[in-house]
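Trainee: The sequence and its predicted three-dimensional model are supplied below.
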Amino acid sequence: MNSNHSVRIIGPGRAGGALVSALAQVGWTVALPIRHGESVEAAARDVDLLLIATPDGAIAEIASSITPVPTTVVAHLSGARGLDVLASHPLRAAIHPLTSMPTATVGAERLARGAWFALDANSQDAMALLESLVASLGGRSFVVNDEHRATYHAAAAIASNHVVALLGSAERIAASAGVPIEAYLELVRATIDNIEDLGVIDALTGPVARGDWETVARHREAIDPSELKLYDALVEAAQRVVESRTADTDSTSDANPRTDS
């Protein structure tokens with residue numbers, strides 16, 4: 001999808017570099033980026049969209065150093081920060097690509113394949129520009145306002161960063177049995193597929209889902225004590241999923257009472 005829009009990035013690192021690279025591939029005009037240590041005063045001139053892709057703690061200071069331009073949308077890429085950090089600019093927005101971008105190159109490839117984006121803006125014009133960006137990349141979006149940004153981003157961290165931490169534990173425990181982590185990765189992929197196809201509640205399998213507490217006890221005896229805190233927390237989390245399944249079943253039964261004739 002071609003576009004006549006123009007964009008400049010402040011902080012062309014992994015996320016910022018990935019986004020502008022992906023936009024360039026679909027016809028956006030990409031102005032010269034502004035890197036660390038360079039003046040940002042005139043950054044909003046002569047572009048439709050200015051993206052601030054600095055660490056979260058620097059966004060407000062950077063934004064306040066930019067001379068406002070009435071027709072330029074100034075947006076940040078933070079998942080956790082709201083529009084308040086851009087207060088000096090008339091057109092304010094936030095756009096957070098909900099995908100993992102370990103490098104700018106890999107990130108651009110994933111964004112070009114279509115991704116989810118969390119959006120917010122203080123005006124219809126600013127939101128329309130963000131929606132045009134998402135459409136250019138063949139992506140999908142939803143709106144998350146200031147009140148819910150931190151909650152939304154916490155869920156993103158759990159879904160991505162905490163999965164890595166979880167598999168770190170799996171890798172250590174598997175290694176103690178002489179099994180490489182690679183042997184478990186297809187299981188992980190199949191589980192993600194199950195969640196996509198069935199939803200979280202119905203995708204849960206294993207001893208907690210079956211109520212097999214004897215096996216859970218055997219796990220606890222076998223694994224290194226340093227892994228028990230995480231294991232126990234995950235057993236408790238799995239039990240909450242089971243309880244959700246039971247509650248959902250009860251709710252369905254109540255909504256569709258049995259009638260005997």
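Mentor: It's in.

Trainee: show me where pLDDT drops low in this protein?
Mentor: Low-confidence segments of the chain, defined by pLDDT under 70, are located at 1-3, 247-261.

Trainee: in it, which residue is closest to the centre?
Mentor: Central residue of the chain (CA atoms, centre = their mean): residue 98, 3.3 Å from the mean position.

Trainee: Now do the phi/psi pair for that residue.
Mentor: Residue 98 has phi and psi values of phi -90, psi 70 when expressed as degrees, to the nearest 10.

Trainee: ditto for residue 96
Mentor: Residue torsions, per degrees, to the nearest 10, at residue 96 are phi -120, psi 110.

Trainee: Now do the contacts for the residue nearest to the centre of the chain.
Mentor: Residue 98 makes contacts with 79, 115-118, 156, as judged by CB atoms under 8 Å, 6 or more residues apart in numbering. From N, CA and C alone the C-beta is placed, and that goes for glycine too.

Trainee: Try it again at 10 Å.
Mentor: By CB atoms under 10 Å, 6 or more residues apart in numbering, the contact list for residue 98 reads 79, 115-118, 139-142, 152-153, 155-156, 159-160.

Trainee: which of the residues you listed lies closest to residue 183?
Mentor: The nearest member of the contacts of residue 98 to residue 183, counting by CB to CB, is residue 160 at 22.4 Å.

Trainee: quick one: contacts for that closest one?
Mentor: For residue 160, the residues meeting the contact criterion (CB under 10 Å, 6+ apart) are 98-100.

Trainee: Restrict whichever strand or helix holds residue 15 to CA atoms and write it as PDB.
Mentor: Using DSSP states H and E, residue 15 sits within helix 14-25. C-alpha atoms of helix 14-25 as PDB (Å, rounded to 0.1, in the frame of the first residue of the first chain):
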ATOM      1  CA  ARG A  14      15.700  -1.400  17.200                       C
ATOM      2  CA  ALA A  15      12.100  -0.400  17.400                       C
ATOM      3  CA  GLY A  16      12.400   3.000  15.700                       C
ATOM      4  CA  GLY A  17      14.700   1.700  13.000                       C
ATOM      5  CA  ALA A  18      12.500  -1.200  12.400                       C
ATOM      6  CA  LEU A  19       9.400   0.900  12.000                       C
ATOM      7  CA  VAL A  20      10.800   3.500   9.600                       C
ATOM      8  CA  SER A  21      12.500   0.800   7.600                       C
ATOM      9  CA  ALA A  22       9.200  -1.000   7.200                       C
ATOM     10  CA  LEU A  23       7.400   2.300   6.300                       C
ATOM     11  CA  ALA A  24      10.000   3.100   3.700                       C
ATOM     12  CA  GLN A  25       9.300  -0.300   2.000                       C
END
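
Trainee: Which other helices and strands does it contact?
Mentor: Packed against helix 14-25 by the contact rule (3 or more CB pairs under 10 Å, 6 or more residues apart in numbering; DSSP states H and E) you find strand 6-10, strand 29-30, strand 49-52, strand 92-97, helix 104-112, helix 124-136.

Trainee: Please name whichever of those is nearest to residue 63.
Mentor: With distances scored as CB to CB, the stretch of the helices and strands packed on helix 14-25 nearest to residue 63 is strand 49-52 (6.3 Å).
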